[in-house]
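> Please work out how this folds:
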Amino acid sequence: MGHDILGFNRGGEEIAYARFSMGNYNALILYGLLDAYDYYAGVSGNGTETTYTLEEIRKSWREFKQSNKNNACESEDEFKHWDEKQIFRFIKNCLETAEKEGSVRVYFG
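The predicted structure follows:
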């Protein structure tokens, strides 16, 4: 069991992926940034998906940057821990896709 959170573009291509073991509390950081606690099922996601608008993803990105004030949030290399890097990469990739397409679809498994 674990948390597999995937982002998809309109064409159904995977554009973002984050993986947390079932006991990794850092999964809650990503759920929180995405305002997605409804999709959290304890040891994994609940197996559903939702679509985020560009503004919703921008909000997630702003909150991520705010919580990491000591970093410029320009590159994943600024972060020391793997989970910080994957959260950065996930939100950044979703933001880039939403900027191009207006939205992004996220699956919580």
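> Give me the below-cutoff pLDDT ranges for the protein.
By pLDDT under 70, the low-scoring segments of the chain are 69-80.
> Break down it into its strands, ranges please.
Under the criterion DSSP state E, strands of the chain are mapped to 2-8, 14-21, 48-53, 103-108.
> buried stuff in stretch 5-14?
Residues of stretch 5-14 classed as buried by neighbour count (16 or more other CB atoms under 10 Å): I5, L6, G7, F8, N9. C-beta coordinates here come from the backbone N, C-alpha and C atoms, glycine included.
> circling back to that earlier point, switch the strands of the chain over to TSV; also include distance to Y40.
What follows is the strands of the chain, written out as TSV (distance: least, CB to CB, whole Å):
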stretch	distance to Y40
strand 2-8	8
strand 14-21	11
strand 48-53	11
strand 103-108	7
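> between the ones you listed, which one is nearest to Q66?
The closest of these to Q66 is strand 48-53. By CB to CB, the value is 18.1 Å.
> Can you list the buried residues in that closest one?
Quick answer for strand 48-53 (16+ other CB under 10 Å): E49, Y52.
> and it, which strands flank it?
Sheet pairing of strand 48-53 (DSSP bridges) gives strand 103-108 (antiparallel).
> residues in contact with the partner strand?
3-10, 15-16, 31, 34, 36, 39-40, 45-54, 57, 94, 97-98 (CB atoms under 8 Å, 6 or more residues apart in numbering).
> repeat that with 6 Å
Contact with strand 103-108 is made by 5-8, 39, 45, 49, 51-53, 94, 97-98, as judged by CB atoms under 6 Å, 6 or more residues apart in numbering.
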